[in-house]
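Engineer: quick one: sequence plus predicted model below, questions after.
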Amino acid sequence: MREQSRLSLRQARAIDAVAKARGFDQAARLLNISQPVVSRLIGTAETLLGTPLFQRGWSGTEPTVWGERILQSCSAVLDLISRAEDDIAKISGVRPNLRNFMRWHHLDAVAAVVRYGSASAASAHLSMTQPAITRAIATISDYSRQTLFDRRRDGLDATPIAQRLAVLRDELLQVLGTIEDLKLNLRPGLIGRLAVGMLPFSGQNLVAKTFGDLTTRFPDLRLMAIPGSYNMLAEALRRGEIECMIGVLRNPPPFSDLEEIFLYNEKFTLVARRDHPCHRRRQTIADLKNENWIVAPHGTPVRSYFERLFQTVGERPPAQTCEILSFGNAEEVIMNSNSIGLLSYSDQRIANLPADLKKVDVDLPNNEVAIGLTVKRTGERTKF
């Protein structure tokens, strides 16, 4: 079997390192090689397999759905090599250095000599020259730090260490096989990655429910729900690290390369803990001017609405900025404070508030707020 038909052991190490380090620079440091070498190893592996193995993601370089499958094989290969090193150390008392330096042609040469009993016979079987067989065995003997064969008049006798390396070759071939073996036969349906940025709004649970359904229907689809601030997620969307973000729309978005898709309306709503004094009688906005407030940061639709709300009655109440990216956590902060909070709610969610939270009985003018998707603008209108 030609080495060109197999993923190389160096490529397997590089794939494993990039996945664990979540980046090429970090992988290069792990492997003690240069970043261009790591990039070249990944690039040649992708060419052999005919598919991308990594993509830029929210938290760094991450495997594609294809890369995840190949990564499993690469990690298994490295485990098998480590076990062989353990076994050889038990046999000889000296631990070999195989993981970083061993190549397929080293193992092919050892296995062929173990099977056929001489370098000349192995040469004929592998279509390699006898000097090449001899060099390969000498090299892996150095890495294993042991003599692999004892000379006899008519050939070579394999030591237990050579026999263990021949077994290792068979084990590795079962895991990596040929390039055709590694090409994936995925089940029909959606594949790839769907990374959704989640702004704080009451419908965040809808994303979780949708993801739950997608995991059942499309097992080869990788899903990521990423909470964040608008600016943080917008930059990730523009860089291609996420596919969309969902939450309160800006109408229009502040970046010309983004577009918004309306889904439904929520309403800005005042809430406070159930035993807060503000619930003792019906209130007006002017009545609440001296209360403590927890409000989203400046530049957000929630903060803009809050400021307009009190400008209409000529007031400027004190407000503490609180940026919490999980809607449930925002409710928890309000329940555990002496402040009133301003959040956006769907009718269903406001009817099912947590037991320790209560809507403040006050009329809010023009409090509808649009919820929807923000996506990167393409040549054609995005369709969902």
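Structural biologist: Yes, it's here.
Engineer: got any ranges where the stretch 251-384 of the chain has weak pLDDT?
Structural biologist: Low-confidence segments of the stretch 251-384 of the chain (pLDDT under 70): 379-384.
Engineer: and the helices in it?
Structural biologist: 301-311, 327-335, 347-351 (DSSP state H, counting those that start in this stretch).
Engineer: can you list the ones you listed in CSV and add mean neighbour count and distance to Gln283?
Structural biologist: Using the backbone N, CA and C atoms, a C-beta is placed for each residue, glycine as well. Output for those, formatted as CSV (neighbours: other Cβ atoms under 10 Å; distance: least, Cβ to Cβ, whole Å):
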stretch, mean neighbour count, distance to Gln283
helix 301-311, 16, 13
helix 327-335, 18, 16
helix 347-351, 13, 17
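Engineer: what's the neighbour count on Lys90?
Structural biologist: 10 (other Cβ atoms under 10 Å).
Engineer: just to be sure, it is in a helix?
Structural biologist: Yes. Under DSSP: H, G, I helix; E, B strand; the rest coil, Lys90 falls within a helix.
Engineer: just to revisit the earlier point, so which of the helices of the stretch 251-384 of the chain is nearest His106?
Structural biologist: Closest approach to His106 among these (Cβ to Cβ): helix 327-335, 54.9 Å.
Engineer: so what touches that closest one?
Structural biologist: 200-202, 204, 271-273, 294, 322, 324, 340-341, 343, 353-354, 356-357 (Cβ atoms under 8 Å, 6 or more residues apart in numbering).
Engineer: biggest strand in this structure by residues?
Structural biologist: strand 258-273 (DSSP state E).
Engineer: so Ala27 makes contact with Ala17?
Structural biologist: Yes. Contact criterion Cβ atoms under 8 Å: Ala27 and Ala17 qualify, at 3.9 Å.
Engineer: give the residues shared as contacts by those two.
Structural biologist: With Cβ under 8 Å, 6+ apart as the test, Ala27 and Ala17 both reach Val38.
Engineer: by contact count, what packs against the helix or strand that contains Ile15?
Structural biologist: Ile15 belongs to helix 9-21 when assigned by DSSP states H and E. When contacts are defined as 3 or more Cβ pairs under 8 Å, 6 or more residues apart in numbering; DSSP states H and E, helix 9-21 sits against helix 24-31, helix 35-49, strand 60-63, helix 65-92.
Engineer: contact partners of it?
Structural biologist: In contact with helix 9-21 (Cβ under 8 Å, 6+ apart) are residues 24, 27, 29-31, 38, 41-42, 44-45, 48, 53-54, 61-63, 67, 70-71, 73-75, 77-78, 81, 99-100, 102-104, 172, 176.
Engineer: pLDDT on it, on average?
Structural biologist: For helix 9-21, the mean pLDDT works out to 94.
Engineer: export that helix as CSV, just CAs?
Structural biologist: Backbone C-alpha positions of helix 9-21 (Å, rounded to 0.1, in the frame of the first residue of the first chain) are rendered in CSV as follows:
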residue,chain,number,x,y,z
LEU,A,9,1.3,10.1,10.7
ARG,A,10,2.6,13.7,10.7
GLN,A,11,-0.7,14.9,9.3
ALA,A,12,-2.6,12.9,12.0
ARG,A,13,-0.5,14.6,14.7
ALA,A,14,-1.0,18.0,13.2
ILE,A,15,-4.8,17.5,13.0
ASP,A,16,-5.0,16.4,16.6
ALA,A,17,-2.8,19.3,17.8
VAL,A,18,-4.8,22.0,15.9
ALA,A,19,-8.1,20.7,17.2
LYS,A,20,-6.8,20.6,20.8
ALA,A,21,-5.0,23.9,20.7
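Engineer: in it, what counts as buried?
Structural biologist: Leu9, Arg10, Gln11, Ala12, Arg13, Ala14, Ile15, Asp16, Ala17, Val18, Ala19, Ala21 (16 or more other Cβ atoms under 10 Å).
Engineer: farthest pair within those?
Structural biologist: Largest pairwise distance in the buried residues of helix 9-21, by Cβ to Cβ, is 18.3 Å, between Leu9 and Ala21.
Engineer: so the residue sitting furthest away from the middle of the chain versus Ala121, what's the distance?
Structural biologist: Within the chain, the residue lying farthest from the chain centre (Cα atoms, centre = their mean) is Arg153, at 57.7 Å. Distance, Arg153 to Ala121, by Cβ to Cβ, to the nearest Å: 15 Å.
Engineer: try Gln26
Structural biologist: Taking Cβ to Cβ, one finds Gln26 at 45 Å from Ala121.
Engineer: ok, Val302 next?
Structural biologist: 79 Å.
Engineer: repeat that for Leu49.
Structural biologist: From Leu49 over to Ala121 (counting by Cβ to Cβ), the distance is 34 Å.
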